[in-house]
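Student: structure for the following, please:
(chains A and B)
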Amino acid sequence: MTDAKKNSKVNKLKYPDGKTTVKRPFGERLRRFINNDNTVGYVFAMPFILGFLGFSLIPMITSLVYSFTDMTFGAKEIHFAGLRNFIALSRDDIFAKSVWVTFKYVILSVPLKLTFALLVAFLLTRKSRMVTLYRSLYYIPSLVGGSVAVALVWKQIFARKGLFNTVWMDLFDKTVNWFGGNGKLAIFPLILMSVWQFGSSMIIFAAGLKEIPESYYEAAMIDGANGFQRFFKITLPCLSPIILYNLIMQTISAFMVFTQAQIITQGGPQNETMMYALYVYNTAIKYSKMAYACAMSWVMLVIMVIITLIIFKTSKKWVFSEADS
Amino acid sequence: MRTKNIIYKIIYHVFVLAFGFCMVYPVLWMISGAFKDNQQILNGGLSLIPSTVIKTNFTTGWKGFGGITFTTFFKNSAILTTIATAGTLISSAFVSYALSRIQFKGRGFWFSCMLATMMLPGQVIMIPSFLIWHKLKLVGTYVPLVLPYFFGQAFFIYQMMQFMKGIPRELDEAAKIDGCSKYRLFFKIILPLLKPSIITTIIIQFYWKWDDYMGPLLYLSSPKTMPVSLAIKQFADATSTTDYGAMFAMSSLSLIPVFLIFLFFNRYLVQGIGTSGLKG
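Tutor: Okay, the predicted model is just below:
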């Protein structure tokens, strides 16, 4: 039955003789309309729908259109440029480097961070009043890590005469020039900083661990499973959906690292820390090559969609869903 | 057996505490740096206790730049953060209710859109958004930095939906039988039960926005409108030698609001994250 028919039926009142019908009064029809699930749904979802159109869809389409033009900031005329931006990108050494450096950052930081988060969350599942305190302690780096303040501290810690080198000097009688030389080392303090902020993933793991039924462990213990077996055969499979969630969220946010790179290294030395988001920002704002930056954004979007899809596809192999059992 | 258990317990607590101390060491070092002079900071001393306590860092730091003090910067941050957090809360709670509790047409479609936005990296739309705000002549104001928050933040919508899955549906049905409309159901029943999730949202959104650097960097250039995050960066940008003591003093102060809100709401943090829905 179509909706119109349904409504017309609802809007009519049947008399006891079963033949005569009259329209329901306006007030009642209005009330029915307002309380209809479709109306309620759209009323509550309206902020998102408007926001989605205005702040996601329109900018994305604008970006796509601009990427085929020669637009620069403040230019009076915009010309169609075909694929010129994309061809230029394929020849841009700094772009290639920024993609490579960003990949390096993601591949090293995300697995390390998640492993760390999971181990600490597991360590903190004991029933003890102190655990809440510990959890807060380990959450602090996540809480403050994104700030400019901590980025500046990090820069100082890994400086030539910084905290790190003081310790290193005492231990090994030499110093490490993190941000100098050919710059090959510069990315590691950034990776370390990201791993350091494992707290938010840890909290999500902790919430997940809490929901694994105690009875699973008890059953395993009766069967004589040791701690390792319990971890690998119960904890990991039960947590796998949450691992997937954390993996995707952390991968995406790692791809977008900006503040740390902008403050600690400014992309240098020799573009060894020229993270993708930083390069887009520089291209657009410093050099006002807007169209080129838009093209860059879209290339990255495509790369990220592919990576997310790969994660999702492979996840079928390792994510355990309760429906299977 | 019992002594063995106690020893094991002690080792556990010592290990966890020691490791935790290493984790917060950089933060503690920054706070102690607020009481050191440049010499002590740049020598890279490990010590958390300054050899001579310098108190002037706070007064010199607070003076800020070009006659604009940190009073202004803190006020700006407070305005931005409060408005954005309030916007996120209201709009995300609304949207999550619609998507998880109401069977309306197109729900599946909008849910997919929400997931897509959650995974859409903000930096991809950074430049076009900037151009649009520029066209609207709103660059330099707070509008681009707060308005989008009133239209639901996908991450928080998703978190709230996960949490809402744990609220029994029998409540909805009981309310329906009692003649309660879906609107009242939201305000009278769902919203109060959503409290832990709302608190998680406040904590996370508050510190995200407070720490936000890229947004203000893009949209604000006048020193008068700068939030603390941008202002601190100015210490490092100054052409003359950086006053590290003052920088660390202001950096430490900038983290206080984040810590306060965290301490205040801390016990809700794990409670508020529902993972039940993440299971396959």
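
Student: go ahead and confirm A:Ile285 touches B:Ser221.
Tutor: No. The pair A:Ile285 / B:Ser221 is not scored as a contact, 10.6 Å apart, by C-beta atoms under 8 Å. Placement of C-beta: from N, CA and C, glycine included.

Student: for those two, work out which one has more neighbours and name it.
Tutor: A:Ile285 (17 against 12; other C-beta atoms under 10 Å in any protein chain shown).

Student: which residues touch the nearest residue to that one once chain neighbours are set aside?
Tutor: What sits nearest to A:Ile285 in space, not counting adjacent residues and going by C-beta to C-beta, 6 or more residues apart in numbering or on different chains, is B:Leu218, at 7.1 Å. The contact partners of B:Leu218, taken as C-beta atoms under 8 Å, 6 or more residues apart in numbering or on different chains, are A:Tyr281, A:Ile285, B:Met126, B:Phe130.

Student: among the residues you listed, who's most crowded?
Tutor: That'd be B:Met126 among these, by other C-beta under 10 Å, with 25 neighbours.

Student: just checking, it touches A:Met300?
Tutor: No. Counting by C-beta under 8 Å, B:Met126 sits too far from A:Met300 to count as a contact (11.1 Å).

Student: any common contacting residues for the two?
Tutor: Joint contacts of B:Met126 and A:Met300 (C-beta under 8 Å, 6+ apart) are A:Val280.

Student: what sits against the residue of the stretch 51-200 of chain A found nearest chain B?
Tutor: Proximity of the stretch 51-200 of chain A to chain B (C-beta to the nearest C-beta) peaks at A:Gly51, 2.4 Å away. A:Gly51 makes contact with B:Ser91, B:Pro148, B:Phe150, B:Phe151, B:Gly152, according to C-beta under 8 Å, 6+ apart.

Student: what average pLDDT does the helix or strand harbouring it get?
Tutor: Using DSSP states H and E, A:Gly51 maps to helix A:37-51. Helix A:37-51 shows an average pLDDT of 91 in the prediction.

Student: which positions in that helix come out as buried?
Tutor: For helix A:37-51, a neighbour-count test (16 or more other C-beta atoms under 10 Å in any protein chain shown) marks A:Val40, A:Gly41, A:Tyr42, A:Val43, A:Phe44, A:Ala45, A:Met46, A:Pro47, A:Phe48, A:Ile49, A:Gly51 as buried.

Student: repeat for stretch A:120-139
Tutor: By neighbour count on 16+ other C-beta under 10 Å, the buried set for stretch A:120-139 is A:Val120, A:Ala121, A:Phe122, A:Leu123, A:Leu124, A:Val131, A:Tyr134, A:Arg135, A:Ser136, A:Leu137, A:Tyr138, A:Tyr139.

Student: repeat that for stretch B:192-201.
Tutor: So for stretch B:192-201, counting by 16+ other C-beta under 10 Å, buried means B:Leu194, B:Pro196, B:Ser197, B:Ile198, B:Ile199, B:Thr200, B:Thr201.

Student: in helices, which of those residues fall?
Tutor: Among the buried residues of stretch B:192-201, DSSP state H puts B:Pro196, B:Ser197, B:Ile198, B:Ile199, B:Thr200, B:Thr201 in helices.

Student: rewinding a little: skip ahead from the helix holding A:Gly51 and say which helix or strand is next.
Tutor: helix A:58-66.

Student: for that following helix, packing partners?
Tutor: helix A:290-318, helix B:126-135 (3 or more C-beta pairs under 8 Å, 6 or more residues apart in numbering or on different chains; DSSP states H and E).

Student: could you tell me the angle between the shortest one and helix A:58-66?
Tutor: Same thing as helix B:126-135. In terms of direction (axes from the mean of the first three to the mean of the last three C-alpha atoms, to 10 degrees), helix B:126-135 departs from helix A:58-66 by 100 degrees.
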